[in-house]
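S.K.: What shape does this take:
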Amino acid sequence: MQEILQYLKDHGERLDSEIAAGMGISLEKVSSQLNELAAKGEVIMCRTTRYTDNKKVEGMLCRVAGYIPPASPGRKPKTPM
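M.R.: I've put the predicted structure just below:
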């Protein structure tokens, strides 16, 4: 389960099918581990439907709960005061 958390931290919000493909494990195993992580409050999941090339793709969109990724390198806009 820690591998899935680390994968989500590295790659951001992903569908369960994208996690399974990226990690090379079965979708059923990913789904069961994500359900356990969601029950613990470590992952936030929601059902989503995407259309890719007029093809309907349904899945669970997942992200790490309460995680704010580090700022990307480069210039940042100045905040007005």
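S.K.: contacts and neighbour counts: CA atoms only from here.
M.R.: OK.
S.K.: Sort out which residues of the helix with the most length in the chain are buried, please.
M.R.: Using DSSP state H, we find that the single longest helix of the chain is helix 27-40. Neighbour-count burial for helix 27-40 flags 30, 31, 34, 37, 38 (criterion: 16 or more other CA atoms under 10 Å).
S.K.: need these in CSV with distance to residue 17 and pLDDT, can you?
M.R.: Output for these, formatted as CSV (distance: CA to CA, whole Å; pLDDT from 0 to 100):
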residue, distance to residue 17, pLDDT
30, 8, 95
31, 9, 93
34, 12, 94
37, 16, 94
38, 16, 93
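S.K.: Which member of these is positioned nearest residue 12?
M.R.: Nearest to residue 12 among the buried residues of helix 27-40, counting by CA to CA, is residue 34 at 14.6 Å.
S.K.: can you give me the helices for this protein?
M.R.: Counting by DSSP H, the helices of the chain are 2-11, 16-23, 27-40.
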